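**Q** Requesting a structural model of the entry that follows:
(one chain, ligands or ions: 1)
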Amino acid sequence: MKDLADAEVPRETGALIDHILIRYHKRHRADLASLLPLAERVHENDPDVPRGLARALAKLERQMEDHMAKEERILFPAMRAGGGPGIEHSIAVMRADHDDHDENIAMIRQLTQDLTPPDHASGSWRLLYGGTSSLLDDLAAHIALAINVLFPRFERG
Ligand SMILES: [Fe+2]
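**A** Numbering: from 1, shown residues only. Below you'll find the predicted structure:
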């Protein structure tokens with residue numbers, strides 16, 4: 001798993017949120033936008049590509065988009081404003097969303113032998129697995145940063 005050095009992660013809450021938006025939300029969307037059509041194409045060209053991968057990626061995209069939109073519209077603005085009543089409930093919902101992501105990620109890894117292409121895999125198949133692998137690494141780093149660093153600032157211990 002890729003981990004950002006502490007020095008690269010801003011401490012101040014507003015700057016940390018900006019970092020999450022730029023380094024993760026924006027990049028996740030760009031990665032998913034290129035991986036989804038690639039998954040469809042690879043699957044059409046090669047019947048050995050695990051059935052269900054394109055569907056699992058599409059599901060991950062819907063889950064992540066729904067989750068990121070909630071953070072961007074509701075949770076992050078509330079955090080920038082210093083927190084307030086109801087924020088712990090919103091955070092609990094975000095934590096549950098992250099658990100759903102983890103389940104879907106585990107399914108993708110299981111379908112694909114942990115994203116290891118077989119020896120006979122085509123170039124685009126390898127590209128799909130490599131891109132999905134870096135998306136999942138980014139997502140894991142993003143979730144860890146949110147649940148270990150950002151969320152606890154607004155939760156009573
Ligand atoms: Fe999140």
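
**Q** what sits up against stretch 102-110?
**A** Stretch 102-110 has contacts (Cβ atoms under 8 Å, 6 or more residues apart in numbering) with 53, 56-57, 59-60, 63, 115, 132, 136, 139-140, 143. Every residue, glycine included, has its C-beta placed from N, CA and C.

**Q** Most widely separated two among the residues you listed?
**A** Within the contacts of stretch 102-110, 53 and 143 form the most distant pair, 21.0 Å apart (Cβ to Cβ).

**Q** between those two, which one's more packed in?
**A** Neighbour comparison, residue 53 and residue 143: the larger count goes to residue 53, with 22 against 19 (by other Cβ atoms under 10 Å).

**Q** check which helix or strand covers the most far-flung residue of the chain relative to its centre.
**A** Largest separation from the mean C-alpha position in the chain: residue 120, at 28.8 Å (Cα atoms, centre = their mean). Assigned by DSSP states H and E, residue 120 falls within no helix or strand.

**Q** ok, of the contacts of stretch 102-110, which come out buried?
**A** 53, 56-57, 60, 63, 115, 132, 136, 139-140, 143 (16 or more other Cβ atoms under 10 Å).

**Q** got those as JSON lines, with secondary structure and pLDDT columns?
**A** As requested, the buried ones among the contacts of stretch 102-110 are exported to JSON lines (DSSP: H, G, I helix; E, B strand; the rest coil; pLDDT from 0 to 100):
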{"residue": "53", "secondary structure": "helix", "pLDDT": "94"}
{"residue": "56", "secondary structure": "helix", "pLDDT": "94"}
{"residue": "57", "secondary structure": "helix", "pLDDT": "96"}
{"residue": "60", "secondary structure": "helix", "pLDDT": "96"}
{"residue": "63", "secondary structure": "helix", "pLDDT": "95"}
{"residue": "115", "secondary structure": "coil", "pLDDT": "97"}
{"residue": "132", "secondary structure": "helix", "pLDDT": "97"}
{"residue": "136", "secondary structure": "helix", "pLDDT": "96"}
{"residue": "139", "secondary structure": "helix", "pLDDT": "95"}
{"residue": "140", "secondary structure": "helix", "pLDDT": "93"}
{"residue": "143", "secondary structure": "helix", "pLDDT": "94"}
